[in-house]
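Participant: I would like to see how this sequence folds:
(one chain, ligands or ions: 2)
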Amino acid sequence: MDCIFCKIVAGDIPSTKVYEDESILAFRDINPEAPVHILVIPKCHISSANEITEENSSVISHIFECIPKIATAEGLEKGYRIITNIGEDGGQSVHHMHFHILGGKKLPLKLA
Ligand code: AMP
Ligand code: ZN
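Facilitator: Ligands and ions are numbered 1, 2, ... in the order given. Okay, here's the model as predicted:
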C-alpha cells in the first residue's frame, strides 16, 4: 500500500521517533505548527478515526494511555492539544490515522 506512515513504520522513510512500542509509534511532525508537534500513530493501517471498530479499538486506548507519558517527556506540563483530522472536510492529508500532539505555547482557540 502506498501509505507514507506505513513506510515510516517499516523504516523505509526516516522519522524522528519520540516513542515506540509493539503497536504504536510517535514521531515529530515534519512541518511543526507549534514548538512541540508530535504525531502518534498505530503501526497497523487504520485510515482515519472514522474507521475505528470493535476489532481495532484497543490500539486507541493504548495511544491515549501513552500520550500523557509522551507529553510529560516533552515538558508539556502546562497543557497541550490532541487533534485528529478526518477526511477532506476535516483537513486530513495523510490517510493513516494519526493524533497530533501540539504544545509548548498557548495555542489559539479559534479555527483558521
Ligand atoms: P493531517 O493533515 O492531519 O493528515 O496531518 C498530516 C501531518 O503529517 C502534517 O502535519 C504533515 O506535516 C505531517 N507529515 C507528512 N509527512 C511527514 C513525514 N514524512 N514525517 C513527519 N510528518 C509528516
Ligand atoms: Zn498506513
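
Participant: Which positions in the protein make contact with ligand 1?
Facilitator: Contact residues, the chain versus ligand 1 (Cβ under 6 Å from any ligand atom): 4, 13, 15, 29, 30, 31, 39, 85, 91, 92, 93, 94. The C-beta positions use only the backbone N, C-alpha and C, and glycine is treated the same way.

Participant: tell me which residues of stretch 46-66 are tucked away?
Facilitator: For stretch 46-66, the neighbour count (16 or more other Cβ atoms under 10 Å) marks 46, 48, 49, 59, 60, 62, 63, 66 as buried.

Participant: The residues of the chain next to ligand 1, buried ones only, as a ChimeraX selection?
Facilitator: Only the buried entries of these go into this ChimeraX selection, using 16+ other Cβ under 10 Å:
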select :15,29,39,85,92
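
Participant: circling back to that earlier point, return the two entries of the buried residues of stretch 46-66 that lie farthest from one another.
Facilitator: Spanning the widest gap among these are 48 and 66, at 19.4 Å by Cβ to Cβ.

Participant: and residue 40, what are its phi and psi?
Facilitator: phi -110, psi 130 (degrees, to the nearest 10).

Participant: Now for it: which residues touch it?
Facilitator: If a contact means Cβ atoms under 8 Å, 6 or more residues apart in numbering, then residue 40 has 19, 24, 25, 26, 63, 66, 67, 70, 98, 99, 101 as its contacts.
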